[in-house]
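**Student:** sequence and predicted model, in that order:
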Amino acid sequence: MFRTTWRGLAARLFFKPFSAFAVLVCFALTFHVSVTRAQNPQADQSSSKPSVFRVKYVADGSLYIDAGRNANLQEAMKLSLVNPPPDGVVSDAVRFRGYEHVAELKVVSVADSSSVCEIVSSTGEIKAGQLAFLTPDSVVERREAVDAAEEEKYPILMTFTYGDPLDEEVRTAQEQKQFRESPVGQIRGRIGFDYGGVHEAGGISGKQVGLSITSDISNIGGTYWNFKGYWRGNMNLSSAPGQGTTTTTLTDLINRTYHLGFFYQSPYSPVTIGVGRLFVPWAPSLSTIDGGYFGRKITRIATVGFFAGSTPDPSSWSYNTNQRIAGTFVNFEVGDFEHTRFYSTAGIALTSIQWKVARQFAFFENNVTWKRYITLYSSLQADEARTSPLVNGGSNPTGVSQSYSSLHFQPFHRVGFGVNHNYFRSLPTYDPRLLGTGLLDQYLFQGFSGDVRVELMKHISVYGSLGRSKATSDKKNSLNQAFGITVPNLWKTGLLADVHYSKFDSSFGSGKYTSFSLSKNISDSFRIQFLGGHQTFNSALTTNNSSNFVNAVVDWNVGPRYFVEGNFGWYRGTTMNYQQWSTVFGYRFGGYRKK
């Protein structure tokens, strides 16, 4: 392993001949795309429209997606609903990866930047954050509608003696487009008040009060600012003498993984802004931050920006409640999902703990897709030599600290497989109690692995991963494995069931877990969800080596404006034993509500 200064590392990363070659390639791509756009500008505009959209809010029998006329959506178009991909990248490639369909939708109402969709059929839990994409027939329908609208702008011309009718038609069309796309605000969401308690072994108990917010507020005050996401927070009120706070429970940890914030994104502005609890959209492999980001397009394909904040997500590889992060980046995006698309981000960042510099690193993230068949994704972080500011925190030389690469193939709609490589040089600091929830699966495999997912009859899906792991300190390879099955209609009851098993052995610990989940929409206004599991984890990161847990949620919409929610958690571990319960009463505002 070599040593160098941070400045030397940056120079090697950014100013080698490879960088010159990359600039040349970008220039060639820019020139080619510019020529193509000049020859057929409408085709470029049509191909740039996305076909994958995020679910913003779920109501009774319908849901709302974050696209409307700005994506050329029309009433009666059909969409398929899937869970977000493991890498967190929202792209048109989601349409071709063969993820299990959670529901089938139909557009019933279209606004400028959002749409209401009717739930035609469902095989699983429907929630905000899932992805909806146009079916192939609707993609063709949208393209034909755009072509037909373009033909109407340019009637057959015989003669003219004053001005240029083509220029007049284009000018009129642009003015009408700007008028139609003026922001129209929409307000939908829920706000609830929590009351509950935690009872721990030994008779220690405490009460909790809190607040939960689900928001889908767009075009605030006629602007392109939006307030979206979900958040729940509790304040512990201990009833035990001398007990200031109660245990941080599994439910509390899961609550910290949500996102909520203000976002600014306008079709007429090169600037993108986000403030709140969120991830950096150009580099989702970085930790979720409590802070903000700023990005500005400097060319058609290039965006530069910066970000800063704390790192509150306990499912992040590098997690510390006192940690701060700040950095800057440049992003390039070329192509489209109908053919080939290249998306690349490079940047530098630093983290601090108690305002002492902990890491200085460069990060890279790349995504290449070819139609629905091939997806190549990679992320990498390279650190400067450092000594941890924590007591006995250790030190690291200059070099790659972590990387993840995956190559996935989707030859058929129901079959997908891939090859992955995961590398970590430093020990993780995530909270190991989240292992059984599946939120840490991307960290459990070290080295090469392969995965496959097959959809059988009646939408039953089986999936699995297998690989060998060997760290530099290990004497032999270890076999890592994970298997699961999803059944959308268990024993014809309408219950969505999922069983998952994972066994892992890596440089930071070994163990296994089994989890089982059930969920069902009893009616349009009543939903239940259950998660249970057992896990063992032998590691220096924790003394809680074995645990069993159960989490259950009941959600009921009472009339058109109110809702009630009940939560229960049960946890039995080597060093932690508790029960947790809470009730939520809240108000629903905006959207479509049944009377």
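**Tutor:** Yep, that arrived. Numbering: from 1, shown residues only.

**Student:** which residues does residue 537 contact?
**Tutor:** By CB atoms under 8 Å, 6 or more residues apart in numbering, the contact set of residue 537 is 432, 435, 509, 510, 511, 513, 544, 545, 546. (Glycine included, C-beta is placed from N, CA and C.)

**Student:** residue 313 too?
**Tutor:** With contact taken as CB under 8 Å, 6+ apart, residue 313 is in contact with 256, 257, 287, 288, 319.

**Student:** secondary structure element holding it?
**Tutor:** According to DSSP states H and E, residue 313 maps onto no helix or strand at all.

**Student:** what phi and what psi does the backbone show at it?
**Tutor:** phi -80, psi 110 (degrees, to the nearest 10).

**Student:** torsion angles phi and psi at the residue lying closest to it once chain neighbours are set aside?
**Tutor:** Excluding the flanking residues, the one nearest residue 313 by CB to CB, 6 or more residues apart in numbering is residue 288, at 3.9 Å. Backbone geometry at residue 288, expressed as degrees, to the nearest 10, gives phi -60, psi 140.

**Student:** and residue 102, what does it touch?
**Tutor:** Residue 102 touches 81, 82, 83, 122, 123, 124, 125, 126, 130, counting by CB under 8 Å, 6+ apart.

**Student:** thinking again about what came up before, my read is that the residue nearest to residue 313 contacts residue 277, right?
**Tutor:** Yes - Residue 288 is within contact range of residue 277, at 6.6 Å (criterion: CB atoms under 8 Å).

**Student:** which neighbours do those two have in common?
**Tutor:** 259, 312.

**Student:** list the buried residues in the helix or strand hosting residue 118.
**Tutor:** Counting by DSSP H and E, the element that carries residue 118 is strand 115-122. Residues of strand 115-122 classed as buried: 115, 116, 117, 119, 122 (neighbour count, 16 or more other CB atoms under 10 Å).

**Student:** stretch 332-346 now?
**Tutor:** 332, 333, 334, 335, 336, 337, 341, 342, 343, 344, 345, 346.

**Student:** endpoints of it, how far apart?
**Tutor:** 9 Å (CA to CA, to the nearest Å).

**Student:** which ones are touching the residue nearest to residue 313?
**Tutor:** Residue 288 neighbours (CB under 8 Å, 6+ apart): 257, 259, 277, 278, 279, 311, 312, 313, 316.

**Student:** which of those residues lies closest to residue 457?
**Tutor:** For the contacts of residue 288, the minimum distance to residue 457 (CB to CB) is 33.9 Å, reached by residue 257.

**Student:** wait, the closest one touches residue 439, no?
**Tutor:** Yes - the criterion here is CB under 8 Å, and residue 257 meets it with residue 439 at 6.6 Å.

**Student:** circling back to that earlier point, need the buried residues of stretch 332-346 in a markdown table with distance to residue 528 and secondary structure, can you?
**Tutor:** Shown next, in a markdown table, are the buried residues of stretch 332-346 (distance: CB to CB, whole Å; DSSP: H, G, I helix; E, B strand; the rest coil):
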| residue | distance to residue 528 | secondary structure |
| --- | --- | --- |
| 332 | 46 | strand |
| 333 | 41 | strand |
| 334 | 46 | strand |
| 335 | 44 | strand |
| 336 | 41 | coil |
| 337 | 37 | coil |
| 341 | 40 | strand |
| 342 | 44 | strand |
| 343 | 39 | strand |
| 344 | 43 | strand |
| 345 | 40 | strand |
| 346 | 45 | strand |
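
**Student:** identify the bridge partners of residue 278.
**Tutor:** residue 289 (DSSP bridges).

**Student:** how close does it get to residue 576?
**Tutor:** To residue 576, residue 278 is 30 Å away according to CB to CB, to the nearest Å.

**Student:** more neighbours: the two, which one.
**Tutor:** Comparing residue 278 with residue 576 by neighbour count (other CB atoms under 10 Å), the higher total belongs to residue 278, at 22 against 19.

**Student:** could you pull up the residues touching that one?
**Tutor:** By CB under 8 Å, 6+ apart, the residues touching residue 278 are 229, 259, 260, 261, 263, 288, 289, 292, 293.

**Student:** how much space between it and residue 315?
**Tutor:** Applying CB to CB to residue 278 and residue 315 gives a distance of 15 Å.

**Student:** what does residue 480 give?
**Tutor:** Using CB to CB, residue 480 is found at 19 Å from residue 315.

**Student:** and if you look at residue 446?
**Tutor:** In terms of CB to CB, residue 446 sits 17 Å off from residue 315.

**Student:** and the two? which has more neighbours close in?
**Tutor:** Using other CB under 10 Å, the more surrounded residue of residue 446 and residue 315 is residue 446, with 23 against 20.

**Student:** and which of the contacts of residue 278 is nearest to residue 359?
**Tutor:** Comparing those against residue 359 with CB to CB picks out residue 289 as the nearest, at 14.6 Å.
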